[in-house]
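# Just a sequence and a predicted model for now, questions to come.
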Number of protein chains: 2
Amino acid sequence: MDYTIKEIAERADVSIATVSRALNNDKRVKASTKALVVSIAREFNYRPNILARNFVRRKSNIIGLIMPDIVDEFFTEVIKGVESVAHSGGYFTLVASTHSREGSLLETLAAFTHRRMVDGLILLTTNLSPAIKKGLSESGIPVVVIGENPELKETDVIAIDNYQGAYSLVSHLINKKGYTKIAHIAGPPENSDAVQRKQGYLQAHQDHGLTVNPHWIVDGAFTIPSGEAAFRRLMSLIQKPEAIFAANDMMAIGCYEGADSFGLSIPEDVAVAGFDDIFVSRFLSPRLMTVGVPIAEVGKTAATLLLDRMNSESHIASRLVTISTGMVLGQSS
Amino acid sequence: MDYTIKEIAERADVSIATVSRALNNDKRVKASTKALVVSIAREFNYRPNILARNFVRRKSNIIGLIMPDIVDEFFTEVIKGVESVAHSGGYFTLVASTHSREGSLLETLAAFTHRRMVDGLILLTTNLSPAIKKGLSESGIPVVVIGENPELKETDVIAIDNYQGAYSLVSHLINKKGYTKIAHIAGPPENSDAVQRKQGYLQAHQDHGLTVNPHWIVDGAFTIPSGEAAFRRLMSLIQKPEAIFAANDMMAIGCYEGADSFGLSIPEDVAVAGFDDIFVSRFLSPRLMTVGVPIAEVGKTAATLLLDRMNSESHIASRLVTISTGMVLGQSS
DNA sequence: ACAATAAATGTAAACGTTTACATTTTAGGA
DNA sequence: TCCTAAAATGTAAACGTTTACATTTATTGT
């Protein structure tokens, strides 16, 4: 049998309003009454009906986390960071993957935000469309976006400093390592991380007075096979690059595999660098040179900003937190 | 303005009951009425109040996923598998980590199960206590456990064949590789995966007429540093083992690091094998010999069984699905 | 002792659905 | 046409809380 406040009220000989107040620590209820109610509640092993409470309070105590996909460490770490902060703030975390489909994202967005199925939302995306921006701004709940900046009022953004990371790394390849022929395996063009990394690569060249051979920029899909394919393409050119900057570590791994099958050695025949500093990268031989992103920070920061926004009475203007990246040296260049 | 069925009813000049039925595809409502209601709902951009619906239906359309921690690929893959199946079944996934604390698990369990905050539960654990078993059996909602078998009525279990995997791998080391002095770095004794892997190790020795030197079995914590520490300990023995079977890949990686600092080479000086076949293991040099677990299967199977149980009217007896493991050859032995 | 005020409690509505049951409308058969 | 059964719709309660407002009870200062 599941007890309700009604039964407790009966037993304590008070009204349900008093029971409700006693159990919610309303200061208006007399200490002795409260003690009585609480003891009966305990005796009955009473638990409030969450669904009823959510309904009347118009909140669910749940924060939604929407990601394009759940793969690799990046997403895990974000989930972990969000969950831990949410948990200590008394919230649960509803995780949804849109399986990289925009339609699915819009659908999930609608399901989550309409009528407060979730009280707040963290959206991880690098590919914002106008429809999504509209959905976000109309959602009526606090939102934090990780990745691309939607430039919306009252929406916080966690941005990863892709540009700076790429710029530093490429500059290092030019200055310290003396490479002048550096290729780039870019990520998907609709992915803002990829775009920024590419810009860092381009700007570093320009600032050092180098021009890039357009054939040295090839697109990839952030996956190992696409990295390997890009490597093969680059190594088939008449004008071969001396070094390759892959827009993420997975594609850099693809280069390692490509080099292996070509019988080329890294970095003697061709240097390789990546981005992300995923767990594997330190176990590659030679250790991959890459750019590290403090991913755990990202999730935690996002959740912290979100809780702050949810708990605040007043409106808070948009905040932008840039998570800086750091170069990780390796022997692959 | 958020419209409710009341406004739709008014506009369509029908009762709210008819609106509700029309929107829920009740066959009793006339086609023309339904069309009218649906068109008004669309015009109003109506969305049902999920919280109200959950309340009256006494279900939330959410399944809970409780894990001891959110780290490494195993958990990611499980979340991914669960989420994808849940999503296609019309459910959302609430993820909670208990941060490896039993108290927290009990608390989360209570929060999730009491009064249907979640409609079904997947619990990932290798360390079941009586209190937790009690909590599960009293939960009143469908439950699927991944890991240890709680032996409860109407609770499905997804078990990973740790014993067989360890047995096969150790047998292979003995038969094919000819090792007779094989050490074992065990996992935490309260972890059932660890216990089973150790048993496979022991039984393989017994079945091949070998006795194990008790000094060759040391405990670890499933982490890289604990693997390295164990490696140092084993290599400081007078009677050194020829091969080391670590209960998971992370500890095997610790062995690689230990070997590196001792100036020992794998497998010439000492062979190393692991368990799990995590992503990194194929990038270690030499490639780690290990036991692969089809993790994606685990999450998907769990969610599938759970949905099946939730959608079934009749009671279903406990089901046990054993996910078989497979040996992965590598040059580390 | 008596207002006046503060503290404690009670009453009842409200939240937006779903649904059992009652009623009305429609269709079909004689 | 009328009767009956089936189809469609309506009425109203129910779900378990919270909370605005009303009422009662206790406390304080004079």
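It's in.
# And the pLDDT at A:S104?
pLDDT, A:S104: 84.
# List phi and psi for it.
phi -70, psi -40 (degrees, to the nearest 10).
# was I right about it contacting A:D69?
No: counting by C-beta atoms under 8 Å, A:S104 stays clear of A:D69, with 10.7 Å between them. Where you see a C-beta, it was placed from the backbone N, CA and C, and this is true even at glycine.
# Now do the shared contacts for those two.
The contact sets of A:S104 and A:D69 overlap at A:T98 (C-beta atoms under 8 Å, 6 or more residues apart in numbering or on different chains).
# how much space between A:L124 and B:S312?
35 Å (C-beta to C-beta, to the nearest Å).
# more crowded one of the two?
A:L124 (25 against 10; other C-beta atoms under 10 Å in any protein chain shown).
# is the more buried one in a bridge, and if so with what?
In this entry, A:L124 is beta-bridged to A:I146, by DSSP bridges.
# Would you confirm that it contacts A:I66?
Yes: in this structure, A:L124 is within contact of A:I66 by C-beta under 8 Å, at 6.8 Å.
# ok and the residue in the stretch 201-333 of chain A nearest DNA strand D?
Minimum separation of the stretch 201-333 of chain A from DNA strand D (C-beta to the nearest atom of the strand) falls at A:E313, amounting to 14.2 Å.
# same thing with the stretch 101-250 of chain A?
Taking C-beta to the nearest atom of the strand, the stretch 101-250 of chain A has A:R116 as its residue nearest DNA strand D, at 13.8 Å.
# What is the three-state secondary structure of the spatially closest residue to A:K177 that is not a sequence neighbour?
Counting by C-beta to C-beta, 6 or more residues apart in numbering or on different chains, A:S333 is the residue found nearest to A:K177 once chain neighbours are left out, at 5.6 Å. Taking DSSP: H, G, I helix; E, B strand; the rest coil as the rule, one finds A:S333 in the coil state.
# now A:N127
coil.
# surely it meets A:N191?
Yes: between A:N127 and A:N191 a contact is recorded at 5.9 Å, counting by C-beta under 8 Å.
# Quick check on the two: which one has the bigger neighbour count.
Looking at A:N127 and A:N191 with other C-beta under 10 Å, you find the greater number of neighbours at A:N191, namely 21 against 17.
# Okay, the more buried one and A:A17: tell me how far apart.
54 Å.
# Which pLDDT value goes with A:R115?
pLDDT, A:R115: 68.
# For DNA strand C, give me its nearest residue in the stretch 51-200 of chain A.
For the stretch 51-200 of chain A, C-beta to the nearest atom of the strand, closest residue to DNA strand C: A:V56, 3.8 Å.
# what residues are up against that residue?
A:V56 touches nothing, counting by C-beta under 8 Å, 6+ apart.
# Which helix or which strand is home to it?
helix A:50-57 (DSSP states H and E).
# Now that helix: buried residues?
A:50-55 (16 or more other C-beta atoms under 10 Å in any protein chain shown).
# and those as CSV, adding distance to A:V157 and pLDDT?
Listed next are the buried residues of helix A:50-57 as CSV, based on distance: C-beta to C-beta, whole Å; pLDDT from 0 to 100:
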residue, distance to A:V157, pLDDT
A:I50, 32, 93
A:L51, 33, 93
A:A52, 36, 95
A:R53, 32, 94
A:N54, 29, 94
A:F55, 32, 95
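# What about DNA strand D: which of the residues you listed touch it?
Of the residues in the buried residues of helix A:50-57, proximity to DNA strand D by C-beta under 7 Å from any atom of the strand holds for A:52-53, A:55.
# Would you mind listing the buried residues in stretch A:321-330?
Quick answer for stretch A:321-330 (16+ other C-beta under 10 Å): A:321, A:323, A:325, A:327-328, A:330.
# now, which of these lie within strands?
In this view, the buried residues of stretch A:321-330 that belong to strands under DSSP state E are A:321, A:323, A:327-328.
# out of these, who's nearest A:E77?
A:I323 (12.0 Å; C-beta to C-beta).
# Domain map for chain A?
According to automatic domain parsing, chain A comprises the domains A:5-48, A:59-159+A:296-324, A:162-292.
# Just put those domains in a markdown table and tack on distance to DNA strand C.
Output for the domains of chain A, formatted as a markdown table (distance: least, C-beta to the nearest atom of the strand, whole Å):
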| stretch | distance to DNA strand C |
| --- | --- |
| domain A:5-48 | 3 |
| domain A:59-159+A:296-324 | 7 |
| domain A:162-292 | 36 |
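# Make sure A:K6 is indeed in a strand.
No: counting by three-state DSSP, A:K6 is not found in a strand; it is helix.
# where do the strands sit along the stretch 101-250 of chain A?
A:120-125, A:143-147, A:155-160, A:182-186, A:217-219, A:243-246 (DSSP state E, counting those that start in this stretch).
# tell me the most buried of those strands?
strand A:243-246 (a mean of 30; mean count of other C-beta atoms under 10 Å in any protein chain shown).
# do it and chain B meet?
No: shown here: strand A:243-246 not in contact with chain B (C-beta under 8 Å from any C-beta of the partner chain), separated by at least 15.4 Å.
# partners of that strand in the sheet?
strand A:182-186 (parallel), strand A:271-273 (parallel).
# Switch these over to a markdown table; also include mean pLDDT and distance to B:S84.
Output for the strands paired with strand A:243-246, formatted as a markdown table (pLDDT from 0 to 100; distance: least, C-beta to C-beta, whole Å):
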| stretch | mean pLDDT | distance to B:S84 |
| --- | --- | --- |
| strand A:182-186 | 98 | 29 |
| strand A:271-273 | 98 | 33 |
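# Format those as CSV; extra columns: distance to B:K134.
Listed next are those as CSV, based on distance: least, C-beta to C-beta, whole Å:
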stretch, distance to B:K134
strand A:182-186, 55
strand A:271-273, 54
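# Distance to DNA strand D added to those, as a markdown table?
Below are the strands paired with strand A:243-246 laid out as a markdown table (distance: least, C-beta to the nearest atom of the strand, whole Å):
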| stretch | distance to DNA strand D |
| --- | --- |
| strand A:182-186 | 52 |
| strand A:271-273 | 56 |
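# Out of those strands, which is closest to B:D269?
strand A:271-273 (30.0 Å).
# quick one: is the helix or strand just after the closest one near chain B?
Sequence-wise, the next helix or strand downstream of strand A:271-273 (DSSP H and E) is strand A:290-292. No: judged by C-beta under 8 Å from any C-beta, strand A:290-292 stays clear of chain B, getting no closer than 13.9 Å.
# Quick one: mean pLDDT for strand A:290-292?
97.
# same check, this time on stretch A:315-323
95.
# Can you name the residues that contact A:E242?
Per C-beta under 8 Å, 6+ apart, neighbours of A:E242: A:179-182, A:270-271.
# Just the angle for the least confident helix or strand in chain A by mean pLDDT relative to strand A:120-125, thanks.
Least confident helix or strand, chain A: helix A:102-113 with a mean of 86, by mean pLDDT, DSSP states H and E. Orientation of helix A:102-113 against strand A:120-125 (axes from the mean of the first three to the mean of the last three C-alpha atoms, to 10 degrees) gives an angle of 170 degrees.
# who touches A:T301 in this structure?
Here A:T301 is in contact with A:81, A:158, A:321, A:323 (C-beta under 8 Å, 6+ apart).
# Surely it forms part of a helix?
Yes: assessed with three-state DSSP, A:T301 lies in a helix.
# where are the low-confidence patches of the stretch 151-300 of chain A?
For the stretch 151-300 of chain A, no stretch has pLDDT under 70.
# and it, which residues reach chain B?
Residues of the stretch 151-300 of chain A lying near chain B (C-beta under 8 Å from any C-beta): A:253, A:279-280, A:283-285.
# If we use 6 Å, what do you get?
Within the stretch 151-300 of chain A, the positions lying close to chain B (C-beta under 6 Å from any C-beta of the partner chain) are A:280, A:283-285.
# Count the residues that sit near A:D193.
Residues near A:D193, counting by other C-beta under 10 Å: 24.
# so it touches A:T126, yeah?
Yes: between A:D193 and A:T126 there is a contact at 4.9 Å, judged by C-beta atoms under 6 Å.
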